[in-house]
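**Student:** Sequence and computational prediction follow.
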Number of protein chains: 2
Amino acid sequence: MKENDLIRNLRARVTDPSGVTGIGDDCCVWTPGGPTCLSVDAIVEGRHFRSEDEPALVGRKAAGAALSDLAAMGARPVGAVVALSCPARWNGEAVMAGLIAELERHGCPLLGGDTTASDQLVVSVTVWGERASARFLVRSGAGPGDLLIVTGPLGGSLASGRHLRPEPRFAEGQWLADQPYAHAMMDLSDGLAADAPKLAQASGCGCLLLPQDVPVHPDVAQMSDGAKAACCDGEDYELLVAVSAEHWPNLQLAWPFPRPLSRVGWLLDQPGAFIEDRQGRVVPMTWTGFEHRT
Amino acid sequence: MKENDLIRNLRARVTDPSGVTGIGDDCCVWTPGGPTCLSVDAIVEGRHFRSEDEPALVGRKAAGAALSDLAAMGARPVGAVVALSCPARWNGEAVMAGLIAELERHGCPLLGGDTTASDQLVVSVTVWGERASARFLVRSGAGPGDLLIVTGPLGGSLASGRHLRPEPRFAEGQWLADQPYAHAMMDLSDGLAADAPKLAQASGCGCLLLPQDVPVHPDVAQMSDGAKAACCDGEDYELLVAVSAEHWPNLQLAWPFPRPLSRVGWLLDQPGAFIEDRQGRVVPMTWTGFEHRT
């Protein structure tokens, strides 16, 4: 298919919100309602999905992974654009159908795109959003002594194929951004072992993880080291939140969602990443989490 | 290089504008000053540049081509994010250095990014901007009888390598958006023969091109059909503008830039694309312009 045909088909498939100009001009145009947050996320064939995966699921993953970054700010989505680099052996329309359906499920209009031919499927999604409450909850607002909390069980996402269906935690993220006792937030894409140190560092802290307390997802194979899988597997797209230790019980009591909140560690006043091992000793963390390498 | 290293290096290389949060969180955050326009543009190894091209020039092209879409709205740039899918055989840091330098040349801060490994270099750049004057100048505002104008000579961009150094026409675009007699605008990326019908169609018109009046770029080889090259070669990144025919002399008199404005055609009240041939006859246009095919 020629590029312009795909763009024409996309235009027929989406409806612009009132007052917004979407696909079909050099740029889309909208009028922001206030402070705006934006993120870009690309997924690459052979790294983030396999050549034999369903095209619609690949599109769904590209949209869901990008939206998860908005959820992790406590934002609500406003718009998205996509750059699709698509080989002839992939059904680009099916990729886009899955992507658009996932955006629509979260109330996010597709407002633009660029399609190019390529040898390898790459789907790059830019999403932006606005505050759902009084603030965005960033990574840098936490301090030593804050507890680290996650919004669900972790691990087994890649092996089980769950990674193709990331679930952006919009409701939970927006609620948490509204709680004064929540100090920092991010989404878990590279694994707790890799991501917790990033949140800690952004807040000028170190961190201590409690692997025995990390809830293990049922997707983790029975025979494997569950705690390590939960810390290192990656692509969970749950929220990691730093909360005031003192008010942690209040937060638990007020938490209105069915997903359990779990305490998985602490922020420290000294740099570095540590874990409490099975014997209760605090030792430097040697796990690196999941990282797609060049 | 590991992804996180590249992101860390990028963060050290750029400075966030006051009040803006850039690289390092799940999203960048800024406070828009009003209506905002946004575009994404991806360039792919083997399609938009060659494997042996300079990495910094590839980065420059990715940024320049994306910024050209903002210039074509009469916008001024506010921010950019990049998704870099980069094989180990490419110097990703050099690509990013060229990209950042080009953004900075136009006063556009890099506010975020995502880097992934890949087999083929793909650079996807999202840029956004705000109005420089009272309005954005879109493609759909023109009508039958409007003249089609271009901001410079066309053709020879790919053969000469000029396509690696697109020059977003920000000053010209902003000035044109401020003129009431300019009715519609876009940038020329696929060639006048392909792009003029897009502007015409967005405005509910057809178009007639005057190939003998299209200024031919010195990059076009002496022995080739200059008029056809100027209409079909693509990747010129000049502006195509529809202006009131009646006020075209006023616009020429007021035009404050050294680049010549040239009249290259008309918008028609009937659909379709036509050219005036060398014998002065109006015939259906059979040229298709330049299109990267899947």
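**Tutor:** Perfect, I can see it now.
**Student:** if you go through chain A in chain order, where are the helices?
**Tutor:** A:3-13, A:55-71, A:92-105, A:157-160, A:170-177, A:192-202, A:226-232, A:248-254 (DSSP state H).
**Student:** wait, which of the ones you listed is closest to B:G113?
**Tutor:** helix A:55-71 (12.2 Å; C-beta to C-beta). For glycine as for every other residue, the C-beta is placed from the backbone atoms N, C-alpha and C.
**Student:** counting contacts, what elements does the closest one pack onto?
**Tutor:** strand A:36-44, strand A:75-86, helix A:92-105, strand A:122-131, helix A:170-177, strand A:182-187 (3 or more C-beta pairs under 8 Å, 6 or more residues apart in numbering or on different chains; DSSP states H and E).
**Student:** Could I get those in CSV, plus columns for mean pLDDT, distance to chain B and mean neighbour count?
**Tutor:** CSV is the format used below for the helices and strands packed on helix A:55-71 (pLDDT from 0 to 100; distance: least, C-beta to the nearest C-beta, whole Å; neighbours: other C-beta atoms under 10 Å in any protein chain shown):
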stretch, mean pLDDT, distance to chain B, mean neighbour count
strand A:36-44, 98, 4, 26
strand A:75-86, 98, 4, 26
helix A:92-105, 97, 8, 21
strand A:122-131, 98, 4, 28
helix A:170-177, 98, 10, 22
strand A:182-187, 98, 5, 25
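**Student:** who does the residue nearest to A:D114 when sequence neighbours are not counted bridge with?
**Tutor:** Nearest residue to A:D114, sequence neighbours excluded (C-beta to C-beta, 6 or more residues apart in numbering or on different chains): A:A83, at 4.7 Å. Beta-bridge pairing for A:A83 (DSSP bridges): A:D114, A:S124.
**Student:** Roughly how far does A:A83 sit from B:G129?
**Tutor:** 18 Å (C-beta to C-beta, to the nearest Å).
**Student:** Contacts only, for A:V125.
**Tutor:** Contacts for A:V125 (C-beta atoms under 8 Å, 6 or more residues apart in numbering or on different chains) come out as A:40-42, A:62-63, A:65-66, A:80-82, A:99.
**Student:** Next, the buried residues of stretch A:270-285.
**Tutor:** Neighbour-count burial for stretch A:270-285 flags A:273-276, A:285 (criterion: 16 or more other C-beta atoms under 10 Å in any protein chain shown).
**Student:** ok, of those, which one's closest to chain B?
**Tutor:** Of all the buried residues of stretch A:270-285, chain B sits closest to A:A273, with 13.5 Å by C-beta to the nearest C-beta.
**Student:** who does that closest one bridge with?
**Tutor:** Bridge pairing for A:A273 - DSSP bridges - gives A:C207.
**Student:** which ones are touching it?
**Tutor:** Here A:A273 is in contact with A:193, A:196-197, A:200, A:206-209, A:284-285 (criterion: C-beta under 8 Å, 6+ apart).
**Student:** and if you look at A:P168?
**Tutor:** When contacts are taken as C-beta under 8 Å, 6+ apart, A:P168 is in contact with A:64, A:67-68, A:70-71, A:106, A:187, A:237.
**Student:** For stretch A:225-242, give the mean pLDDT please.
**Tutor:** For stretch A:225-242, mean pLDDT is 95.
**Student:** Quick check: the gap between the residue sitting nearest the centre point of chain A and A:N250.
**Tutor:** The residue lying closest to the centre of chain A (C-alpha atoms, centre = their mean) is A:S68, at 3.3 Å. Distance, A:S68 to A:N250, by C-beta to C-beta: 26 Å.
**Student:** repeat for A:A221
**Tutor:** Distance check for A:A221 against A:N250: by C-beta to C-beta, it reads 37 Å.
**Student:** With A:V125 instead?
**Tutor:** According to C-beta to C-beta, A:V125 stands 36 Å off from A:N250.
**Student:** returning to that earlier point: what's the most distant pair in the contacts of A:P168?
**Tutor:** Largest pairwise distance in these, by C-beta to C-beta, is 13.9 Å, between A:H106 and A:D187.
**Student:** tell me the angle of the one helix or strand in chain A whose mean pLDDT sits lowest relative to helix B:192-202?
**Tutor:** Least confident helix or strand, chain A: helix A:3-13 with a mean of 73, by mean pLDDT, DSSP states H and E. Counting by axes from the mean of the first three to the mean of the last three C-alpha atoms, to 10 degrees, helix A:3-13 lies at 10 degrees to helix B:192-202.
**Student:** and the residue lying closest to A:W128 once chain neighbours are set aside, what is it in contact with?
**Tutor:** Excluding its sequence neighbours, the residue lying closest to A:W128 (C-beta to C-beta, 6+ apart) is A:L38, at 4.0 Å. Contacts for A:L38 (C-beta under 8 Å, 6+ apart) come out as A:126-129, B:27-28, B:79, B:81, B:111-112, B:126, B:128.
**Student:** Let's have those residues in a markdown table, adding distance to A:P55.
**Tutor:** Listed next are these as a markdown table, based on distance: C-beta to C-beta, whole Å:
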| residue | distance to A:P55 |
| --- | --- |
| A:T126 | 20 |
| A:V127 | 20 |
| A:W128 | 25 |
| A:G129 | 26 |
| B:C27 | 27 |
| B:C28 | 30 |
| B:G79 | 31 |
| B:V81 | 25 |
| B:L111 | 31 |
| B:G112 | 27 |
| B:T126 | 23 |
| B:W128 | 29 |
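**Student:** Of those residues, which is the nearest to B:D178?
**Tutor:** Set against B:D178, the nearest of those by C-beta to C-beta is B:W128 (20.1 Å).
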